[in-house]
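Novice: Fold the following for me, if possible:
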Amino acid sequence: MDILTRYSGDRFLLILPNTNKREAAELADSCGRTSRPDETHQGIAFRVTVSLSVGQSSKEDKSPNS
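Specialist: Okay, here's the model as predicted:
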């Protein structure tokens, strides 16, 4: 099951437990392409900025203090 949650402020975290790093990068690329950079709301123009990053972890990963 994928999980989308607010990480802090205007940051969100998407956890994809059954998705490998390549698939996650493709999803991030797709999300970046489908976002509209210029928007207008009630006659006011503004720009939407989207920053995406991809990381991978596994059950075998150890913390730096292990």
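Novice: Neighbours of the residue nearest to residue 38 when sequence neighbours are not counted, how many?
Specialist: Using CB to CB, 6 or more residues apart in numbering and skipping residues adjacent in sequence, the residue nearest residue 38 is residue 47, 5.9 Å away. The C-beta positions use only the backbone N, C-alpha and C, and glycine is treated the same way. Here the count is done by other CB atoms under 10 Å, and residue 47 has 8 residues near it.
Novice: wait, isn't residue 47 in contact with residue 41?
Specialist: No. Taking contact to mean CB atoms under 8 Å, the distance of 11.9 Å between residue 47 and residue 41 leaves them out of contact.
Novice: And the strands in the chain?
Specialist: 3-8, 11-15, 38-41, 44-47 (DSSP state E).
Novice: could I have stretch 1-13 exported to CSV, CA atoms only?
Specialist: Included here for stretch 1-13 are C-alpha records, laid out as CSV according to Å, rounded to 0.1, in the frame of the first residue of the first chain:
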residue,chain,number,x,y,z
MET,A,1,0.0,0.0,0.0
ASP,A,2,1.4,3.4,-1.0
ILE,A,3,1.4,6.2,1.6
LEU,A,4,1.1,9.9,1.0
THR,A,5,1.6,12.1,4.1
ARG,A,6,2.5,15.7,5.0
TYR,A,7,6.2,15.8,6.0
SER,A,8,6.4,19.4,7.2
GLY,A,9,4.8,22.7,6.1
ASP,A,10,4.5,22.5,2.3
ARG,A,11,6.5,19.2,2.0
PHE,A,12,5.0,15.8,1.4
LEU,A,13,6.3,12.3,1.6
